[in-house]
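1. what follows is a predicted structure for the sequence shown.
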Amino acid sequence: MFLHDAWAEYKAYKHYLDIGAGLHYWNGPTRMTNASTLTFMTIDAPIHNWYNIEATDQFARYFGIYAKGKLLNNKRLDYRVAVNTPFAMQRTNALTALDTVQAFNGKESSAYRGLGPQKLMTTGYFQYQFWDIESNVLPFTQGTYIGTKKVFNIGAGWAHTPDMMWTAQKNATTGRVDTQRVAQTMLAADVFLDLPLNKEKGTALTFYGAAQFYDMGKNYVRNIGISNPSNGVGPGRTWTGAGDATPTIGTGTILYAQAGYVLPSTKIGKFQPYAAVSHANYERLADAVVIPDLGVNYFVSGHNAKITLNYRQRPYFDRVAAPVQIDIVIKGTKNEFTVQFQVFL
């Protein structure tokens, strides 16, 4: 049995304060860190919104305590804060280079010295809701309301864990690998707009934008392949990795934006073309990671039954032969076309 969420909550004081504990999804630093996977506007999240996905969390969930509520008399300042214990995941990949950063695993061994116990994570997200008030009964934030709600929010948040990451250096004298623990810090600000334009025709505009600063240790970057069709190590493999892997999370700055427009309703449902782009400057890479998406949603019955067609262009990177300061550069791009069918009751 796999549990996505298992938490209990106590309503401490009206709408101002709820306190809960367990395996939960009340996260910072952005709205999309709390995204509902059932109501995406794009075919998927950009993934960097879940900065430790499946490394020190359980499908973006942490075990901890949280507080949430709505402040001010008009409930417009929505907040969520939490103190969590990161999961200690076993890492089996070996270190082969100096100044290599890996996710902290909380294990001691004869090969790697200096690691200590897990430290607590603090995280939170605050957003001011100018128009309609969104519910905070559940942690999940809506990707697009398809014109059923008028929302304009501005938010900011953080996540910080002491000693979450570690840098390894080989000791030239002893031959052992010494480690230096470093903190992990995420800071972000974002804006979300869902605006009905013509109620009779059903047209609407959705926009989301986020600016994120990630400090995950020197030169940290993580290549991720979503539903990767390959895990081989053939002759065509680059530094980016096999299949559809691409640099997705790392130390640096990430700008992300998405926008969609709901076309006038038809007898067979609604259509929503959209576009998104992720622009990341990671410390480890010589070139920016730019990933554009173009697609269209066909809503047969809202998010309960929809079909999505998506085009994505992803970059791949490799090392250059000559010794340079930053030796991992973009080598080209690959194209992806994906069709998704979603049904939920």
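-> Structure received. Residues are numbered from 1 along each chain as shown.
2. surely Lys306 touches Tyr298?
-> Yes: between Lys306 and Tyr298 a contact is recorded at 6.2 Å, counting by Cβ atoms under 8 Å. Every C-beta, even on glycine, is put in place using the N, C-alpha and C of the backbone.
3. so between these two, which is more surrounded?
-> Higher neighbour count among Lys306 and Tyr298: Lys306, with 23 against 16, using other Cβ atoms under 10 Å.
4. for the more buried one, give its distance to Ala288.
-> To Ala288, Lys306 is 32 Å away according to Cβ to Cβ, to the nearest Å.
5. now swap in Thr42 and tell me
-> In this structure, Thr42 and Ala288 are separated by 20 Å, where distance is defined by Cβ to Cβ.
6. ok, now Glu9?
-> Glu9 is 42 Å from Ala288, by Cβ to Cβ.
7. with Lys75 instead?
-> Lys75 is 40 Å from Ala288, where distance means Cβ to Cβ.
8. and Gly243, how far is that from Val296?
-> For Gly243, the distance to Val296 (Cβ to Cβ) stands at 25 Å.
9. between Thr42 and Ala288, which has more neighbouring residues?
-> Using other Cβ under 10 Å as the criterion, Thr42 and Ala288 rank with Thr42 on top: 21 against 16.
10. contacts for the helix or strand containing Asn84?
-> With secondary structure defined by DSSP states H and E, Asn84 is part of strand 77-85. Under the contact criterion Cβ atoms under 8 Å, 6 or more residues apart in numbering, strand 77-85 has outside partners 24, 26-28, 34, 62-71, 118, 120-129, 133-134, 136, 139, 153.
11. now with 6 Å?
-> Contacts with strand 77-85, where a contact means Cβ atoms under 6 Å, 6 or more residues apart in numbering, come from 26, 62-68, 70-71, 120-129, 136.
12. what do you get for stretch 38-48?
-> By Cβ under 6 Å, 6+ apart, the surrounding residues in contact with stretch 38-48 are 35, 142-144, 206, 224, 248-249, 254, 256, 258, 260, 274, 276, 278, 293, 295, 303, 308, 310, 340, 344.
13. in it, what counts as buried?
-> Buried residues in stretch 38-48, counting neighbours by 16 or more other Cβ atoms under 10 Å, are found at 39-48.
14. straight-line length of it, end to end?
-> Across its full length, stretch 38-48 reaches 18 Å end to end, with Cα to Cα, to the nearest Å as the criterion.
15. mind checking the SS state of the most centrally placed residue in the chain?
-> With the centre of the chain defined as its mean C-alpha position, the nearest residue by Cα atoms, centre = their mean is Asn49, 1.8 Å away. Counting by DSSP: H, G, I helix; E, B strand; the rest coil, the backbone at Asn49 sits in coil.
16. isn't it up against Arg31?
-> No: with contact taken as Cβ atoms under 6 Å, Asn49 and Arg31 are classed as non-touching, separated by 8.5 Å.
17. for Asp190, give its distance to Ala67.
-> The gap separating Asp190 from Ala67 is 21 Å, by Cβ to Cβ.
18. please disregard the earlier target; I meant Ala305.
-> For Ala305, the distance to Ala67 - Cβ to Cβ - is 36 Å.
19. same question for Ile254.
-> Counting by Cβ to Cβ, the separation of Ile254 from Ala67 is 27 Å.
20. more neighbours: which of these two?
-> Neighbours were counted for Ile254 and for Ala67 using other Cβ under 10 Å; Ile254 has more, 24 against 17.
21. what average pLDDT does the lengthiest strand in the chain get?
-> Scanning the chain for the longest strand, with DSSP state E as the assignment, gives strand 177-198. Strand 177-198 shows a mean pLDDT of 91 in the predicted model.
22. after the lowest-mean-pLDDT helix or strand in the chain, which helix or strand is next?
-> When the helices and strands of the chain are compared on mean pLDDT, DSSP states H and E, strand 112-113 comes out lowest with a mean of 44. Tracing the chain past strand 112-113, the next element assigned as helix or strand by DSSP H and E is strand 121-129.
23. pull out the buried positions in whichever helix or strand comes after that next one.
-> Next along the chain after strand 121-129, taking DSSP H and E as the criterion, comes strand 151-170. Taking 16+ other Cβ under 10 Å as the neighbour-count basis, strand 151-170 is seen to contain the buried residues 151, 153, 155-161, 163-168.
24. direction included, what does strand 151-170 pair against?
-> In the sheet, strand 151-170 lines up against strand 100-103 (antiparallel), strand 121-129 (antiparallel), strand 177-198 (antiparallel) (DSSP bridges).
25. now the ones you listed in a markdown table, with distance to Lys270 and mean neighbour count?
-> Listed next are these as a markdown table, based on distance: least, Cβ to Cβ, whole Å; neighbours: other Cβ atoms under 10 Å:
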| stretch | distance to Lys270 | mean neighbour count |
| --- | --- | --- |
| strand 100-103 | 41 | 20 |
| strand 121-129 | 25 | 20 |
| strand 177-198 | 12 | 18 |
